[in-house]
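Undergrad: Please work out how this folds:
(2 chains, ligands or ions: 2)
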Amino acid sequence: MAGKPGEPRFDGRGGKWIGASVRRREDPRLVTGRGRFVDDIHLHGMLHAGFVRATVAHGKITGLDLGAAREVDGVVAAYSAEDLQLGDMVALLDRPPEEFTPTTMPILARGKVRFVGEPVALVVAKDPYAVEDGIEAAQVSYEVLDAVVSEETALAEDAPLVHEDAPNNVLLDVTAFDTPGVDEAFADGCVIELVTRSGRQNALPLETRGAVASWDDRDEQLLVQTCSQVPHQVRTVLARSLRIPERSVRVVVPDMGGGFGQKCVVGREEIAVAAAAKLLRRPVKWIEDRSEALASGFLAREQRYRTRAAFTPEGELTALESDIVCDMGAYSCYPFTVGIEPLMAAAEMPSVYRVPAYRVRARAITSNKAPTAPYRGVSRPQYVMVMERIMDLAARKLGLDPVEIRRRNVITEFPYTGINKVTYDPGSYLESLELGEKILRDEGWYDLREKNPYIGIGYSCFSERTGYGSEAFAKRKMTVVPGFDVSEIRMDLTGSVVVTSGTINHGQSHETTFAQIVAERLGVDLAKVKLRQGDTERISYGWGTFASRSVTIGGSAVATAATRLGEQLCVIAAHLMDTRVENVGLDGDGGVIQLDDPSQRLSFEEIADVAYLRSHLLPKEAEPTLTATAAFDVPGDGTFSNATHAVVVEADPGTGQVKILRYACVEDCGVVINPKVVDGQARGGIAQGIAGALFEEVTYAENGEPSAASFIDYLVPTAAEIPDITVDHLETPCAFTESGAKGAGEGGTIGAPAAVLNAVNDLLWHTGVQLEQTPIHPESVLAALAAADREKAGTGA
Amino acid sequence: MTDKQLIVLTVNGEEHELLVEPRWTLLDVLRHNVGLTGTHVGCEHGVCGACTILVDGEPVRACLMYAVQAEGCAIRTVEDLGTPEEPNDLQQAFSEHHGLQCGFCTPGFLMLAEGFLAQEPSPTRDEIRETVSSNLCRCTGYQTIVDAIEATAAKRAAESARKEDAVR
Ligand code: FES
Ligand code: FES
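TA: Residues are numbered from 1 along each chain as shown, chains lettered A, B, ... in the order given. Ligands and ions are numbered 1, 2, ... in the order given. This is a model prediction of the structure:
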């Protein structure tokens, strides 16, 4: 198929590579144990590091003695904050003091500790076992202070202060969209009121965090190999903290065993380890162990919403009001700040529904718990849960079917600018809802539910803003504004292509999907394309992978670079074939042809031969070599993927355990580049959403001791708990990404808690109890069922 | 504390003379001393299964065993199954069914399945699911891992039936 350079030869669909479930490029090494994860890196003379961590949640450090640790056999060095003198990590919002209180995060605790597990000192030794011996020998004493462990203790009159300069322990307090009509709607509408809570969770990549740092005297450069979703931001913080130029830091990301957001913030440990490597002039490796990861890794999701919604008797939503409190733990993460959860929730809470009037207050409180990072979905699992509970409760109150009330409120005309001033690009909200319902009806689940009182049906209908560009992020008022992505593409003499991206694959299959995009654009075989990512030396700047941005933004940058390379190939080929550039095009098979005489063809190899080895034959307008670069940013408010999840659950009347009988996902992420990959993202995301709905939670004792120190206490679902899940695709192409694709990374996680909670409440309705909290504890389900049974027995007697 | 012992481990059919501390786990010694990093560390307390290897044919958590305990045993790791150019049928099935995303858990699941299928060549889907539930994966939601093992079992059964036919 011939095409003009610069014009995509497809509208995104129906190409040779786009839309094909091609086998993943990353698999051959990963299934044979030949991947290279950070702990697989071994350098000559390498030392190992570990952290002395706070054993109290809140306390003044009254003594820190590393003398005995330094004496331990095998220990090479031990450092406190004073020894390393590193600059603090500072993440700021450009908001007035009444909205935002800036705080800083020291690399190692100074003077005071604010959560159990906070790094206090660093021990470096010849092997990891000696590191543990050294940590044990370190002596730290504390004057224990009262710990802030809940919203109640944080906001109490005489609460202990986590940060002395943050009165009331409130770091962010924003009231927004106080639009006219809110009070009027509540005065004469059908009002639903509810308080919802979600437990604190760990994103839990199976590979814990870790880094290997080494100093290179020849390059005058620190090489930090670290499993990070944001290598350039690690570089920026490292350079600032160590007070060295950015050129003196190179961050390389090897294979990464998952991240889910936990690795998209800069870790204090990677900075401390790099500082040690620079001081010692020896490679130093740090690998977080699981108990550290559980107790002191970045956590997420502990939120409380107090919400009111008003409806007309016909079930039309007329107003929404919510008070949101997010417990962000001890520190503000870089670069997102403590605003990450509350600001996301406030901006996007109206979800897929038409909300004529809206008022929201969103707060970030600080507590003596491990700090928060963005976790897959960021606040959307929570506010979607609220909105979907509201729909179900209103349906019950008004005698409407849950699907019907959603049908009456869901946005159907696009682009739609909401009360929250966000413009939603076209999606298939209603279509996904109707298909979800049809699946359950056709399969007979409604009939089964009639017969079995322990079976419940639940839905969630939602959208997900993906590919936040810099314009969308700027609205948050972060002083560091993520958004664009850049790409460089090179073709060599063999017609093979290396393309770089500022995004980082850690399970999302970029090596495959990005290669599909390039292969399609350039018309080369997939095997000819190699993606390189995760090296700050290969690309000027990048924002990494988070917020489902990779294919939308990174993929578009890659596509644009490929298009430019195609143009160059055409310019050279036209000159060599002695015809006008308008008369040539890519042939989709690794060559350029004349449009008026397709038998006239030059292969990419032949063109490359001239570009590199016989550049005297090049036309004036072409430069030697074959490279192109491109930057891409998503304009405006970004693009919205959407989905409906339809779930059937059964409660065990004996144990209260909830079992998922059927899980159907109908999703729309625009043009699907690789269906298998999208299905995988959906299923994996849903599994994490189910984990939050039914199993996982880190709780804290009154003294701030976390409950989860091992997989014995933190219940990660296994194959016995996660059901088979069907994924149906609708395709509403994105108008402004290069491939028509929208992001697909987070939706599964977003929709699952709401759908599961609704299904459980559906079966509990007759008991008079409704649960508004995740995880759903079997005891709560059992208690509700038992109370209803007792009542029935009582009435019968 | 650092008294070392000389041991001989047989890994993937090859003998390795190693000087180890008694407290070193088999997992650490395989990764750091033998240099086979395909076996991964996910928890070091016996729950995640990322470190699953075969010891005398049995799936074992390498983090729960000391290296000194493994002398005289036949140890198999993921590196023994196949190569990137020639992956074995199970490895191919994992790839075909998208049974891996980040791939960190994959060696553990592969060794678990390899040991399981040797003992139970024609398992039901439920039996596979139950076995798979002894390891953790954070990316896939497990379904495609079950699919891959199920497909491998079916394929192996068909092959052995064909071989039996040929003998008859
Ligand atoms: S590392 Fe051995 S079971 Fe987790
Ligand atoms: S593929 Fe990532 S943990 Fe299983």
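
Undergrad: Strands along the stretch 651-797 of chain A, start to end?
TA: Counting by DSSP state E, counting those that start in this stretch, one finds strands in the stretch 651-797 of chain A at the ranges A:658-668, A:726-729, A:773-774.

Undergrad: and chain B, which of its residues are near ligand 1?
TA: B:41, B:42, B:43, B:44, B:46, B:47, B:48, B:49, B:50, B:51, B:61, B:63 (C-beta under 6 Å from any ligand atom). C-beta here means a position set from N, CA and C on the backbone, and glycine is covered the same way.

Undergrad: Redo those residues as a markdown table? Include secondary structure.
TA: Shown next, in a markdown table, are the residues of chain B next to ligand 1 (DSSP: H, G, I helix; E, B strand; the rest coil):
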| residue | secondary structure |
| --- | --- |
| B:41 | coil |
| B:42 | coil |
| B:43 | coil |
| B:44 | coil |
| B:46 | coil |
| B:47 | coil |
| B:48 | coil |
| B:49 | coil |
| B:50 | coil |
| B:51 | coil |
| B:61 | strand |
| B:63 | helix |
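
Undergrad: Produce a PyMOL select command limited to the buried residues of the residues you listed.
TA: Buried residues among these (16 or more other C-beta atoms under 10 Å in any protein chain shown), as a PyMOL selection:
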select buried, chain B and resi 41+42+43+44+47+48+49+50+51+61+63
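
Undergrad: Looking at the residues of chain B next to ligand 1, which is nearest residue A:197?
TA: Nearest to residue A:197 among the residues of chain B next to ligand 1, counting by C-beta to C-beta, is residue B:47 at 27.5 Å.

Undergrad: Spatially nearest residue to the closest one, not counting backbone neighbours?
TA: residue A:711 (3.7 Å; C-beta to C-beta, 6 or more residues apart in numbering or on different chains).

Undergrad: and if you look at residue A:275?
TA: residue A:84 (5.1 Å).

Undergrad: Run through the residues that contact the one you found.
TA: A:107, A:108, A:122, A:272, A:275, A:276, A:279 (C-beta atoms under 8 Å, 6 or more residues apart in numbering or on different chains).

Undergrad: let's see it at 10 Å
TA: Residue A:84 makes contacts with A:106-108, A:121-122, A:241-242, A:271-272, A:275-276, A:278-279, as judged by C-beta atoms under 10 Å, 6 or more residues apart in numbering or on different chains.

Undergrad: related to what we said a few turns ago, pLDDT and distance to ligand 2 added to the residues of chain B next to ligand 1, as CSV?
TA: What follows is these, written out as CSV (pLDDT from 0 to 100; distance: C-beta to the nearest ligand atom, whole Å):
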residue, pLDDT, distance to ligand 2
B:41, 98, 13
B:42, 97, 8
B:43, 96, 12
B:44, 94, 16
B:46, 96, 17
B:47, 97, 14
B:48, 98, 9
B:49, 98, 10
B:50, 98, 8
B:51, 98, 13
B:61, 98, 16
B:63, 98, 16
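
Undergrad: picking up where we left off before, is it true that the residue nearest to residue B:47 touches residue B:50?
TA: No - under the criterion of C-beta atoms under 10 Å, residue A:711 makes no contact with residue B:50, lying 11.3 Å away.

Undergrad: Can you check which residues contact both of these two?
TA: Common neighbours of residue A:711 and residue B:50 (C-beta under 10 Å, 6+ apart) are B:42, B:43, B:136.

Undergrad: so where's chain A uncertain?
TA: Along chain A, segments meeting pLDDT under 70 span A:1-14, A:795-797.

Undergrad: Which single residue in it comes nearest to ligand 2?
TA: residue A:206 (3.9 Å; C-beta to the nearest ligand atom).

Undergrad: Next, count neighbours for that residue.
TA: 27 (other C-beta atoms under 10 Å in any protein chain shown).

Undergrad: wait, isn't it in contact with residue B:100?
TA: No - assessed by C-beta under 10 Å, residue A:206 is found out of contact with residue B:100, at 11.1 Å.

Undergrad: Spit out the residues that contact the two alike.
TA: Counting by C-beta under 10 Å, 6+ apart, the residues touching both residue A:206 and residue B:100 are A:507, B:106, B:137, B:139.

Undergrad: Does the third one belong to a helix, a strand or coil?
TA: Read that as residue B:137. Look at residue B:137: counting by three-state DSSP, its state is coil.

Undergrad: picking that back up, wait, is the residue of chain A closest to ligand 2 part of a helix?
TA: No - under three-state DSSP, residue A:206 sits outside any helix and is assigned coil.

Undergrad: ok, now how distant is it from residue A:199?
TA: Applying C-beta to C-beta, to the nearest Å, the value for residue A:206 to residue A:199 is 21 Å.

Undergrad: All set now, cheers.
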